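S.K.: after the sequence you'll find the predicted model.
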Amino acid sequence: MTNDNSCTAFIGNELLARGATLDVALAARKLLDDGEQRAILAFDDCTARPVELDLRGTVEDVRRRYEAPPAPEASAQPRPRGRPRLGVVGREVTLLPRHWEWLNAQPGGASVALRKLVEQARRQGAGKERVRAAQDAAFRFMSAMAGDAPGYEEAVRALFAGRRDGFEAHTAVWPEGVRAFAERLAEGAFIPDNDPV
């Protein structure tokens, strides 16, 4: 159950722990052992998706579970298509005949042309993707942890409008841990005026 991702856990509106999933799970288990009754919520540090902490058993049980080596892969699996050693994976692509004609006429053939087109699209859309990912992560976390906090709706509007000052003004009264994590997640949503999106 190894998880190299980092996460942040809250108990109520208070920051409990932040770091590797193992460390956060151990901190949560110790808190439960001390008699804590409130729910513990954990969020992935990049996406703010909920992280399900497996806190069953003792601290040592949790440690063993999270430090367990990954299960060995079956050796009799069929050979994947493409060039897996290079990271190339073969998949089906369905196109109209005129698209195949154009791709096949390109230098290097269809595969090279498709890779070039994908890389070009990724570069052109990288700024927008970064903004959208930051908005999604911050909104996901804010909805879970601050949906009833004062200024929530105004902060959401500022987040999606790209107004850092409005976002920070409306989150300023939130509990410190919640505010700081929301601001960290939203950081990529606020692009300077001279930065192309």
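M.R.: Thanks, I have it.
S.K.: report how many residues lie close to Ala158.
M.R.: With neighbours defined by other C-beta atoms under 10 Å, the count for Ala158 comes to 22. In this view, the C-beta of every residue, glycine as well, is placed from N, C-alpha and C.
S.K.: residue boundaries of the strands in this structure?
M.R.: In the chain, the strands defined using DSSP state E lie at 6-11, 14-20, 40-44, 82-83, 88-89.
S.K.: relative to Leu32, which of these is closest?
M.R.: strand 40-44 (7.7 Å; C-beta to C-beta).
S.K.: any buried residues in the closest one, and which?
M.R.: The neighbour-count check on strand 40-44 (16 or more other C-beta atoms under 10 Å) flags Ile40, Leu41, Ala42, Phe43, Asp44 as buried.
S.K.: and those residues, which is closest to Arg184?
M.R.: Of all the buried residues of strand 40-44, Phe43 has the smallest distance to Arg184: 11.0 Å, by C-beta to C-beta.
S.K.: who touches the closest one in this structure?
M.R.: Cys7, Thr8, Ala9, Phe10, Arg49, Pro50, Val51, Arg140, Phe141, Ala144, Phe181 (C-beta atoms under 8 Å, 6 or more residues apart in numbering).
S.K.: buried ones among those residues?
M.R.: Using 16+ other C-beta under 10 Å as the burial test, the contacts of Phe43 include Cys7, Thr8, Ala9, Phe10, Val51, Arg140, Phe141, Phe181 as buried.
S.K.: I figured the fifth one hits Gly19, correct?
M.R.: No. Counting by C-beta atoms under 8 Å, Val51 sits too far from Gly19 to count as a contact (12.0 Å).
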